[in-house]
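[1] Generate a structure from the sequence data that follows.
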Amino acid sequence: MRLRFLVVFLFSFFSNCFFAAPVVSEQALMAYNRYADAYVVLADSNTYYTYQLKAQKWEKHQYVLDAAQSFTDLISAYYILPVSKDRIYLIHNGCGIVLELYKGRLQRIDHSFAHRNQFGAVAYAFKGQPYMFGGYGFFDTKNVHTSYHPVLGEWLEVDEYSKQRPGPRQGSFVVREKSQIYLIGGHTEDHPQKLNFIPEIWRYNIRQKRWIFMGDLTPTWHAALANTNQTTPIGSYLINSDDEVWELDAKQNRVRRYKQPFYFSVRKWLVSKDRNWVLMAIDRSNSSGFELMVKRKENVLGNPIQVDKMYIKASWYRALSYQDLFYLSLLLPLFILGLWFYSKRSWKHIRFLPNSNKLQEKDFEATEWRFLQELQKQGQLELSAVHTYMNEDGLSYDALKKRRETFLKNLRIKIALVAHLQIDSVLMEVRHPQDRRVKIVVWNEELELG
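    As a prediction, the model looks like this:
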């Protein structure tokens, strides 16, 4: 009896040791499942591994491949995309064919075909549906946005609500932050020298279905990312570059640069959604395949050696759509024309004298000039005296008062423009010193009549 318990214990111990660091082929498909907070690795035609971050251990699973495609075809022409806690999709790189790994069976579930229209697209999942944006197919780069509908078994184009969207591109880097997708860079064509790089950052709100242009990559990261291949269509958080590892954080507008770990060679990185954990596919120098290891990111990379700004934020006019710019181009001439008519109506024909306190008769109407002459002569006039310069038969007192106010207002504006004075200080109205019920208009001593 004791011997049996000892055998069971030893078998369990060595099994756990073995699964603590699985070894898989270099072609194995692997991804982080944000819905289960776990890593999933499709190792071969009947085995896959999962690593639950909460449990901190590897688990080995068996599955049945029930599809016309061989496992060799799957690892060369498909990518892996978790869409829920227990459903893993394998999707054709060019869009179309979809296989589902669920309850120990990997089988085809779509009613579509191999579109071959979105090679190099970026992909993400939301509420059990996979999405793809951009890519290349049939001799053209696209900016098509598609989603797979499990009930229909077909791919349909996404109805977006924003007026603008990224232009055609392929091979972009993608970073997801909750319900926000950050699209970084990309190429207009698959050029061997990595020309035609698009140094743009776009943010897509999955819930609102709206794109926002964030800005352009800084010159440093424009050059760096232009010569770097897309690591995976579903997440580019950590990127290998010679002796450094780059962490893309578009939400904080930062690129963190780390030193490569010197004690092992990491070929692939998969980062958890909280950026605290990493799955490393470690190159085995003495044999083929990758050794898989999950560690806290800070324990592997330490502190960044440098933190750079990723992009230059877009100016407000760059965020406008072509439709908005078109409407603005129509409204701007009307606005300018309205200002011109307003200026003509308000100031009429005035010849402005540069900083002169000497008023000229030709700048004023006859009635205005006679009033100014009388005001200068008397020094001050009661407001009722102004009525004599505009009195007409049949006018009511209210109408006469309104004309007086308009007459004095226009006169003050003219004098302020000609003499370069504050309008509030021109021909001021004050109370009569002997009768506070009466208002008078006071002449400005600094003014002269020419």
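[2] thinking residue 218 is in contact with residue 311, fair?
    Yes. Residue 218 lies in contact with residue 311 (Cβ atoms under 8 Å); the separation is 6.3 Å. Yep, even glycine has a C-beta here, placed from its N, CA and C like the rest.
[3] For the two, indicate the residue with more neighbours.
    residue 311 (22 against 17; other Cβ atoms under 10 Å).
[4] That one and residue 186, how far apart?
    14 Å (Cβ to Cβ, to the nearest Å).
[5] now residue 131
    With Cβ to Cβ as the criterion, residue 131 and residue 186 are 16 Å apart.
[6] Look at these two and report which has more neighbours.
    Taking other Cβ under 10 Å, residue 131 and residue 186 do not tie; residue 186 has more neighbours (31 against 20).
[7] Show me the domain layout of this structure.
    For the chain, the structural domains run 20-314, 348-449, going by automatic domain parsing.
[8] host element of residue 65?
    Residue 65 belongs to strand 64-66 when elements are defined using DSSP states H and E.
[9] Now that strand: buried residues?
    Neighbour-count burial for strand 64-66, counted by 16 or more other Cβ atoms under 10 Å, picks out residue 65.
[10] for stretch 300-315, same thing?
    Buried residues in stretch 300-315, counted by 16+ other Cβ under 10 Å: 300-301, 304, 310-311, 314.
[11] same deal with stretch 68-78?
    For stretch 68-78, using 16+ other Cβ under 10 Å, the buried residues are 69, 71, 74-75, 77-78.
[12] From the rest of the structure, what touches it?
    Contacts to stretch 68-78, defined as Cβ atoms under 8 Å, 6 or more residues apart in numbering, come from residues 27-29, 42, 44-45, 65, 67, 90-93, 97, 99, 108.
[13] List only buried entries from these.
    Buried, going by 16+ other Cβ under 10 Å: 28-29, 42, 65, 67, 90-93, 97, 99, 108, out of the contacts of stretch 68-78.
[14] Tell me which residues are up against stretch 240-253.
    With contact meaning Cβ under 8 Å, 6+ apart, stretch 240-253 is reached by 173, 175, 177, 180, 182, 184, 201, 203, 214, 224, 228, 231, 236-239, 255-260, 266-267, 269, 271, 275, 301, 304-305, 309-311, 313.
[15] Return the subset of those residues lying in strands.
    173, 175, 177, 180, 182, 184, 201, 203, 214, 238-239, 255-259, 266-267, 269, 271, 309, 311, 313 (DSSP state E).
[16] Contact partners for the residue nearest to residue 138 when sequence neighbours are not counted?
    Of all residues not flanking residue 138 in the chain, residue 117 sits nearest, at 6.4 Å (Cβ to Cβ, 6 or more residues apart in numbering). The contact partners of residue 117, taken as Cβ under 8 Å, 6+ apart, are 94-96, 135, 137-138, 142, 144.
[17] Next, count neighbours for residue 234.
    Using other Cβ under 10 Å: residue 234 sits among 21 other residues.
[18] just checking, residue 133 touches residue 121?
    Yes. Residue 133 lies in contact with residue 121 (Cβ under 8 Å); the separation is 5.9 Å.
[19] So if I had to pick from those two, which one is more boxed in?
    Neighbours were tallied for residue 133 and for residue 121 using other Cβ under 10 Å; the higher tally belongs to residue 121 (31 against 28).
[20] Now that one, what are its backbone angles?
    Backbone geometry at residue 121, expressed as degrees, to the nearest 10, gives phi -80, psi 170.
[21] Ends of stretch 181-200, what's the gap?
    With Cα to Cα, to the nearest Å as the measure, stretch 181-200 spans 14 Å from end to end.
[22] should've said stretch 289-305
    End-to-end distance of stretch 289-305 (Cα to Cα): 30 Å.
[23] from the chain's centre, how far out does that stretch sit?
    From the chain centre to the centre of stretch 289-305 is a distance of 30 Å (Cα atoms, centre = their mean, to the nearest Å).
[24] coming back round to it: could you export the buried ones among the contacts of stretch 68-78 as CSV, including secondary structure, distance to residue 52 and pLDDT?
    Formatted as CSV, those follow (DSSP: H, G, I helix; E, B strand; the rest coil; distance: Cβ to Cβ, whole Å; pLDDT from 0 to 100):
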residue, secondary structure, distance to residue 52, pLDDT
28, coil, 19, 94
29, strand, 19, 95
42, strand, 17, 96
65, strand, 24, 96
67, coil, 27, 93
90, strand, 21, 97
91, strand, 24, 97
92, strand, 29, 97
93, coil, 28, 95
97, coil, 29, 97
99, strand, 23, 97
108, strand, 28, 97
